[in-house]
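Colleague: Structure here, sequence nowhere to be found:
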């Protein structure tokens, strides 16, 4: 398998935003969802990759024209080259593997079964790619802290176009049917869906109306279209957004957006996350962090870089009630805080 190239991946994203070069290979799961206030489908499935919270290809084309989108744009915190592959920095050295009981997926887990219970995470890749090895450095890092993760697609890719909500749901079904127990004691009350870019919207669409999911984590993504934001009314678990600052998917035409442009497009994922954060039901925990990386984050850096550290801190706080990790996320003065790492943070219903 050829090594992952962050530069090539970002160039591909720049050409079709969150959709892969094989975006024409979509496999419909049901009739296309048409958003309108009060229209709440039973599940988050759709005929487009990413599910009901995502954007169709025609609307995406209009978005790209409107915004002058450049997914390859970086920032001051963008890694200057790929990092080293490790077994993670956590106490449980981890690896990437596959499991015949869950075909077309990639598993990340501690190499040896730890003597702790482990949360489970279903992961969606950027561009909804079906290559479960794309975020290896980042996902191995999380797994090394005592997590089992199932990513869409086998290592190296399946060649089957883009992943769908049904692919991420297959990970959940596998875990709840006992498949993840091969890697240790799984706490099925601590389950998250998460993903980067298109995979993040897939995570939200999968969690929609699925009571098994207790947390949703979106990386470098938020809802594109205002007309779909009403669906947030049906989200009933805490949500976190980790985004890449003003260059995260483009920053032109901001004045049109700020002064009431009638178009339905938010102009950066930082601004989109602001909207989603504000519209999430007010009783829910919400966390938003932004680091100046652009859309590519730091996933390919050693141990996933600053995004890896932030993801672990958030998960350890949320799923293990770890006070040190909570302070890293919430308290700017705490040792090793995200703020000290140049993240801008905002949160509500946490103290």
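Modeller: Structure received. Computed from a predicted model, the values in this text were never measured in an experiment. Residues are numbered from 1 along each chain as shown.

Colleague: CA atoms for contacts and neighbours, from now on please.
Modeller: Will do.

Colleague: Now do the helices in the stretch 151-300 of the chain.
Modeller: 165-176, 198-207, 254-258, 269-279 (DSSP state H, counting those that start in this stretch).

Colleague: Export these as CSV, with columns for mean neighbour count and distance to residue 331.
Modeller: Listed next are those as CSV, based on neighbours: other C-alpha atoms under 10 Å; distance: least, C-alpha to C-alpha, whole Å:
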stretch, mean neighbour count, distance to residue 331
helix 165-176, 22, 33
helix 198-207, 32, 26
helix 254-258, 12, 30
helix 269-279, 21, 20
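
Colleague: nearest to residue 37, of these?
Modeller: helix 269-279 (14.0 Å; C-alpha to C-alpha).

Colleague: packing partners for that closest one?
Modeller: Applying 3 or more C-alpha pairs under 8 Å, 6 or more residues apart in numbering; DSSP states H and E, one finds that helix 269-279 makes contact with strand 239-243, strand 286-290.

Colleague: And the first one, what's buried?
Modeller: Using 16 or more other C-alpha atoms under 10 Å as the test for burial, strand 239-243 gives 239-243.

Colleague: got JSON lines for those, with pLDDT and distance to residue 301 too?
Modeller: Formatted as JSON lines, those follow (pLDDT from 0 to 100; distance: C-alpha to C-alpha, whole Å):
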{"residue": "239", "pLDDT": "96", "distance to residue 301": "25"}
{"residue": "240", "pLDDT": "96", "distance to residue 301": "21"}
{"residue": "241", "pLDDT": "94", "distance to residue 301": "20"}
{"residue": "242", "pLDDT": "94", "distance to residue 301": "16"}
{"residue": "243", "pLDDT": "92", "distance to residue 301": "16"}
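
Colleague: closest to residue 67 among those residues?
Modeller: Among the buried residues of strand 239-243, and counting by C-alpha to C-alpha, the member closest to residue 67 is residue 243, at 17.6 Å.

Colleague: so where's the chain uncertain?
Modeller: 1-30, 57, 68-69, 249-271 (pLDDT under 70).

Colleague: Please, where are all the strands along it?
Modeller: Along the chain, the segments classed as strands by DSSP state E run 94-97, 105-110, 117-124, 148-152, 185-196, 215-219, 239-243, 286-290, 344-348.

Colleague: about what we covered before: adding distance to residue 96, write the helices and strands packed on helix 269-279 out as TSV.
Modeller: As requested, those are exported to TSV (distance: least, C-alpha to C-alpha, whole Å):
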stretch	distance to residue 96
strand 239-243	24
strand 286-290	27
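
Colleague: if we compare the ones you listed, which one ends up closest to residue 175?
Modeller: strand 239-243 (21.2 Å).

Colleague: Let me know the angle separating that closest one from helix 269-279.
Modeller: 160 degrees (axes from the mean of the first three to the mean of the last three C-alpha atoms, to 10 degrees).

Colleague: Strand 239-243 pairs with which strands, parallel or anti?
Modeller: Neighbouring strands of strand 239-243 in its sheet, by DSSP bridges, are strand 215-219 (parallel), strand 286-290 (parallel).

Colleague: For the first one, report the contacting residues that lie outside it.
Modeller: Translated: strand 215-219. Contacts to strand 215-219, defined as C-alpha atoms under 8 Å, 6 or more residues apart in numbering, come from residues 191-197, 200-201, 203-204, 207, 237-243.

Colleague: now it and helix 198-207, what's the angle there?
Modeller: 160 degrees.

Colleague: Please work out which of the strands paired with strand 239-243 is packed deepest.
Modeller: Greatest average neighbour count among these goes to strand 215-219 (a mean of 26), per mean count of other C-alpha atoms under 10 Å.

Colleague: for it, the distance to its chain's centre please.
Modeller: How far strand 215-219 lies from its chain's middle: 5 Å, per C-alpha atoms, centre = their mean, to the nearest Å.

Colleague: just use 369 as the starting number from now, easier for me
Modeller: Shifting the count to begin at 369 puts that one at strand 583-587.

Colleague: do you know how far the closest residue to residue 551 other than its chain neighbours is from residue 554?
Modeller: Distances taken as C-alpha to C-alpha, 6 or more residues apart in numbering place residue 481 nearest to residue 551, at 5.8 Å, with adjacent residues excluded. Computed as C-alpha to C-alpha, to the nearest Å, the residue 481 to residue 554 distance reads 11 Å.
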